[in-house]
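Chemist: Let me see the structure of the following:
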Amino acid sequence: MCRTIIWAIAAVSGQSPEELPPLYSAIDPGALENVFQPRSEGKPRTHGRVSFTYNGFDIDVFASGRIRIDVSELDAETIQSRSRS
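Modeler: You can find the predicted model right below:
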């Protein structure tokens, strides 16, 4: 999950993953990986969300595994130029 977040932020920010600040500057990566692990009896966690800001982007991680990155602050020209790269 953490690698997915880093690669997604790199893609939308136009940076390489190596140029990004460490994810732990925003959230504990181990805790993020573990928070939605199955319960002790083996049942999956189906509800919940963790929200944080990383590299200027608001990120929501859901128990389902879905990751939402708010790119609403990017203007259309920036998005178009990055999609051509």
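Chemist: other SSEs contacting the lengthiest helix in the chain?
Modeler: Counting residues, the longest helix found in the chain (DSSP state H) is helix 2-13. Contacts defined by 3 or more Cβ pairs under 8 Å, 6 or more residues apart in numbering; DSSP states H and E place helix 2-13 against helix 29-34, strand 57-62, strand 67-70. All C-beta spots, glycine's among them, are computed from the backbone N, C-alpha and C.
Chemist: Go again with 10 Å.
Modeler: Helix 2-13 sits against helix 29-34, strand 49-54, strand 57-62, strand 67-70, helix 76-84, with contacts defined as 3 or more Cβ pairs under 10 Å, 6 or more residues apart in numbering; DSSP states H and E.
Chemist: JSON lines for these, including distance to residue 8?
Modeler: Below are the helices and strands packed on helix 2-13 laid out as JSON lines (distance: least, Cβ to Cβ, whole Å):
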{"stretch": "helix 29-34", "distance to residue 8": "14"}
{"stretch": "strand 49-54", "distance to residue 8": "10"}
{"stretch": "strand 57-62", "distance to residue 8": "9"}
{"stretch": "strand 67-70", "distance to residue 8": "6"}
{"stretch": "helix 76-84", "distance to residue 8": "12"}
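Chemist: who wins for proximity to residue 17 among those?
Modeler: Residue 17 lies closest to strand 49-54 among the helices and strands packed on helix 2-13, at 12.3 Å (Cβ to Cβ).
Chemist: before we move on, the earlier item: what's the most buried one of the helices and strands packed on helix 2-13?
Modeler: Comparing the helices and strands packed on helix 2-13 by mean neighbour count (mean count of other Cβ atoms under 10 Å), strand 57-62 ranks first with a mean of 18.
Chemist: Report the mean confidence score over that strand.
Modeler: Strand 57-62 shows a mean pLDDT of 94.
Chemist: quick one, it and helix 2-13 angle?
Modeler: Taking axes from the mean of the first three to the mean of the last three Cα atoms, to 10 degrees, one finds strand 57-62 and helix 2-13 inclined to each other by 140 degrees.
Chemist: Can you list the strands that strand 57-62 pairs with?
Modeler: Sheet pairing of strand 57-62 (DSSP bridges) gives strand 49-54 (antiparallel), strand 67-70 (antiparallel).
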